[in-house]
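Asker: give the three-dimensional model of this entry:
(4 chains)
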Number of protein chains: 2
Amino acid sequence: MATLKDVARLAGVSARTVSNVVNDQPYVAEATRARVVAALAALDYQPNQVAKSLRTGRIGLLGFVVPDLSQSHFARLASDIVEAATARGFTVAVDQTHGDLERERRLIQLGPRGAMFDGAIFHPEALRAEDIEHRESQFPLVLIGERVAGDRLDHVYIDDRAAAYEATRRLIDDGHRRIAAIGLRRAAYARTAHLREEGMRQALDEAGDQVQQGRHQYVERYEVSDGYEAMANLVESAERPDAVICFADMLAIGALHRLHELRVAVPEDMAVVGFDDITEASFSYPPLSTIAADHAEIATTAVNALIERITNPGAPIREYVVSHRLVIRQSTRTDSTPEVRN
Amino acid sequence: MATLKDVARLAGVSARTVSNVVNDQPYVAEATRARVVAALAALDYQPNQVAKSLRTGRIGLLGFVVPDLSQSHFARLASDIVEAATARGFTVAVDQTHGDLERERRLIQLGPRGAMFDGAIFHPEALRAEDIEHRESQFPLVLIGERVAGDRLDHVYIDDRAAAYEATRRLIDDGHRRIAAIGLRRAAYARTAHLREEGMRQALDEAGDQVQQGRHQYVERYEVSDGYEAMANLVESAERPDAVICFADMLAIGALHRLHELRVAVPEDMAVVGFDDITEASFSYPPLSTIAADHAEIATTAVNALIERITNPGAPIREYVVSHRLVIRQSTRTDSTPEVRN
DNA sequence: AACGCTTCTTGCAACGTTGAAAGACGGTGT
DNA sequence: ACACCGTCTTTCAACGTTGCAAGAAGCGTT
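Answerer: Down below sits the predicted model:
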């Protein structure tokens, strides 16, 4: 591989001048530039990015760390993040934590791979607020997805309160009169769930006496079986609701399973709304209405936030709210609005 | 960020000794090691990977380049490749070409981003054999997926001939008596399609007179609409087949659409087999029987092949064959064997 | 002829690490 | 007393690039 020095020798100039030509610096005589350009071409010079990085301190590499890249939600995000980063002149390196708490803790302390990156976008899964509070590392990091609380790191997320409010409003407008939630969390660190709960309660409060609350279901995890159990409880309940909001699509899919088994008509006897718009949501039976975040917007916002943090480490910590929308499929009434799908 | 020199000053030794401690070199006195370890901890030393890379010439970064990371097939591969690379001590950087020929050409010439990586695993889409023949770059590259012909680069793929043979055998064993293919290619560079055609013809030849060939359908691209058109031709044909093999799941999905419209019973009146096992294959109506490559095996094979190429650039070019299997779902007869799904 | 100004070019050092080789130290054998 | 060896430690230079500051050359002004 040819170096600046090789090119310089061939062109009969100093290495510094070659560097000036390569980087389009002013004050290079036309004749010199031509000679250097010819030499560059002759030797097929490619700048050594590593040396450049060592000298300048910029690597041009952003980390993107998620629990599991094969999940469609993360894959779509990764795709958008690669695009956004490329547009800003950065390359993206990916890593997976598989939701392992230790790995996530190490990550926010060190930065991935001992700072081989300029910064990272991180979608935590197991991480809790106290882990972030104890953070000492200055490594530029932007969190996306689940809120982990704390104001030590930049965050990108949707307005969970507003989203839950909208979903609840929609169910009320569709004529449902007893609405329950599946997926409330008692733990203090589960901020996302709390915000969704707030938005939902606000909509229910505004509706006054005409709409009842169902027996909201608390769960420990957001897996299909949890949704299944919770729905089993609700259906047997004396005050059986006619609509539920699940705080995750996985919960909703479990709930739909149970309803299907019991031959409860969806959405006629029970409407179901989820959160996240995972791929399975469009393939469930019936297809699931759900809150979808704009993942392209998440990606560009996160990339921009990270680059801002890298170039300006002292800036105050920010929270970025990206847009969401309620995607109506067949698990809620569709006569009022046509199906919206992308 | 503390450097070796800082640690050395604090511990009262030379930078080289600190380096020896960090890298577990022999011949460091216990007392010295202890002092250095204390200093390392006190300053929270993290080695500068960039400097290390410049010195050693190893970056520890593999590129993984696909047309579109959001497609589930590539996402699953990416996930497995990250795991395999991590196990070997490498990080993975991803990039997307969107099937853009110019971008793919540049990639095989230069390596991604001017050789910021040690090597790359590349799933080409638009690239043709002649592009590879003209390659001058020595950048370590392993190709996966579609075969591009030529023996200038390491390849990882499944035995397409055997796979097509098996799928055809299965249809014959299921009792089908006129079998057609959708997805033949005339272009000389379409080696994958030619191999699949060979495997299919071999199975048909072996079956002798008891099984007829249908009017095999040539297509220009592998998109849903191409499969739709091709099936339209076949159904109207005087010698209408009772089974088709589609050389891509996308073609099969288009074909199923047409059959559904015409109310042709699948698999009773027409069995359909695809290639690739994309996610949509399990959600199609009816779920599609298809040839699935073992993507975890592709990933580990490709990573190992690439690392081998990096460490041993002069080794002869190799082709790696990974295993595949025929996944039987409802688009072919299932009474003989239960459905196989992962 | 001396000066300053602009345009162009260069040398040096540094980024943080490691390879190569030499130096320091104590012990052992002659 | 000296060479020799093994263990431990250091010095020096280099990887390829760019920031800094200074040098050289040409030219117009005084």
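Asker: residue of the stretch 151-300 of chain A nearest chain B, please.
Answerer: Closest residue of the stretch 151-300 of chain A to chain B, Cβ to the nearest Cβ: A:F283 (4.8 Å). Heads up, the C-betas are built off the backbone N, CA and C, glycines and all.
Asker: go on, the stretch 101-250 of chain A?
Answerer: Relative to chain B, the nearest point of the stretch 101-250 of chain A is A:M116 (4.3 Å; Cβ to the nearest Cβ).
Asker: and the residue nearest to that residue when sequence neighbours are not counted, its phi and psi?
Answerer: Closest residue in space to A:M116, ignoring its immediate chain neighbours: B:Q49 at 4.3 Å, by Cβ to Cβ, 6 or more residues apart in numbering or on different chains. In terms of degrees, to the nearest 10, the main-chain angles of B:Q49 are phi -70, psi -30.
Asker: now do the domain split for chain A, please.
Answerer: For chain A, automatic domain parsing gives the domain ranges A:4-47, A:60-158+A:295-323, A:160-293.
Asker: one step back: quick check, the residue nearest to A:M116 in contact with B:T56.
Answerer: No. Taking contacts as Cβ atoms under 8 Å, B:Q49 lies outside contact range of B:T56: 10.2 Å.
Asker: count the residues that sit near A:H134.
Answerer: For A:H134, the count of nearby residues is 11 (other Cβ atoms under 10 Å in any protein chain shown).
Asker: can you check the pLDDT for A:S79?
Answerer: Here the pLDDT value assigned to A:S79 is 97.
Asker: that one is in contact with B:P67, isn't it?
Answerer: No. At 10.4 Å, A:S79 does not count as touching B:P67 under the criterion of Cβ under 8 Å.
Asker: pull up the overlap in contacts between the two.
Answerer: Jointly contacting A:S79 and B:P67 under the rule Cβ atoms under 8 Å, 6 or more residues apart in numbering or on different chains are B:Q96.
Asker: follow-up on the earlier one: select, out of the domains of chain A, the one closest to B:I132.
Answerer: In terms of Cβ to Cβ, the element of these nearest to B:I132 is domain A:4-47, at 17.8 Å.
Asker: now the end-to-end length of the closest one.
Answerer: Domain A:4-47 stretches 8 Å from its first residue to its last (Cα to Cα, to the nearest Å).
Asker: secondary structure element holding the closest residue to A:T86 other than its chain neighbours?
Answerer: Of all residues not flanking A:T86 in the chain, B:D95 sits nearest, at 7.4 Å (Cβ to Cβ, 6+ apart). Using DSSP states H and E, B:D95 sits in strand B:91-96.
Asker: kindly report the same for A:L326.
Answerer: Per DSSP H and E, A:L326 falls inside strand A:324-327.
Asker: ok now that strand, how far from the chain's centre?
Answerer: Chain-centre distance of strand A:324-327: 15 Å, with Cα atoms, centre = their mean, to the nearest Å.
Asker: what parts of chain A come near DNA strand C?
Answerer: A:12-17, A:20, A:26-33, A:51, A:54-55 (Cβ under 7 Å from any atom of the strand).
Asker: next step: those residues restricted to helices.
Answerer: A:A15, A:R16, A:T17, A:N20, A:E30, A:A31, A:T32, A:R33, A:A51, A:L54, A:R55 (DSSP state H).
Asker: A:A207 against A:D173, yeah?
Answerer: No. Counting by Cβ under 8 Å, A:A207 does not reach A:D173; the two are 9.6 Å apart.
Asker: of these two, who's got more company?
Answerer: A:A207 (17 against 12).
Asker: please identify the residues of the stretch 1-150 of chain A in proximity to chain B?
Answerer: With Cβ under 8 Å from any Cβ of the partner chain as the criterion, the stretch 1-150 of chain A comes near chain B at residues A:1, A:44, A:46-51, A:53-54, A:59-61, A:68-72, A:74-76, A:78-80, A:82-83, A:86, A:91-96, A:110, A:112-116, A:136.
Asker: circling back: give me the more crowded residue out of A:S79 and B:P67.
Answerer: In this view A:S79 and B:P67 are compared by other Cβ under 10 Å, and A:S79 has more residues nearby, 25 against 19.
Asker: contacts only, for that one.
Answerer: By Cβ under 8 Å, 6+ apart, the contact set of A:S79 is B:D68, B:L69, B:S70, B:Q96.
Asker: so what's the last one scoring on pLDDT?
Answerer: Read that as B:Q96. pLDDT recorded at B:Q96 is 94.
Asker: can you check the third one too?
Answerer: pLDDT for B:S70: 90.
Asker: my read: it touches A:R76, true?
Answerer: Yes. B:S70 is within contact range of A:R76, at 4.5 Å (criterion: Cβ under 8 Å).
Asker: thinking again about what came up before, DNA strand D is nearest to which of the domains of chain A?
Answerer: domain A:4-47 (3.2 Å; Cβ to the nearest atom of the strand).
Asker: now that closest one: how far from the chain's centre is it?
Answerer: 44 Å.
Asker: is it in proximity to DNA strand D?
Answerer: Yes. With Cβ under 7 Å from any atom of the strand as the measure, domain A:4-47 is seen reaching DNA strand D through A:L4, A:K5, A:A15, A:R16, A:S19, A:V22, A:N23, A:Y45, A:P47.
Asker: pick out the most distant pair among those.
Answerer: Distances among the residues of domain A:4-47 next to DNA strand D were taken as Cβ to Cβ; the most separated pair is A:K5 and A:N23, at 15.9 Å.
Asker: run a quick neighbour tally on A:A31.
Answerer: By other Cβ under 10 Å, neighbour count at A:A31 equals 8.
Asker: one more: the one 10 residues further on?
Answerer: Using other Cβ under 10 Å, the number of residues around A:A41 comes to 10.
Asker: and the pLDDT for it?
Answerer: At A:A41, the pLDDT value in this model is 96.
Asker: go on, A:V340?
Answerer: As predicted, A:V340 sits at a pLDDT of 43.
Asker: right, and the residue nearest to A:T86 touches A:V82 too?
Answerer: Yes. Using Cβ under 8 Å, B:D95 is in contact with A:V82, at 6.4 Å.
Asker: so the two - more neighbours on which side?
Answerer: Legend: neighbour count by other Cβ under 10 Å for B:D95 and A:V82, higher for A:V82 (25 against 21).
Asker: can you pull out the helices in the stretch 151-300 of chain A?
Answerer: Residue ranges of the helices in the stretch 151-300 of chain A, as given by DSSP state H, counting those that start in this stretch, are A:160-173, A:191-207, A:224-236, A:249-261, A:279-283, A:295-311.
Asker: and the ones in helices among the residues of chain A next to DNA strand C as CSV, adding pLDDT?
Answerer: Formatted as CSV, those follow (pLDDT from 0 to 100):
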residue, pLDDT
A:A15, 95
A:R16, 96
A:T17, 96
A:N20, 96
A:E30, 93
A:A31, 93
A:T32, 95
A:R33, 96
A:A51, 94
A:L54, 93
A:R55, 95
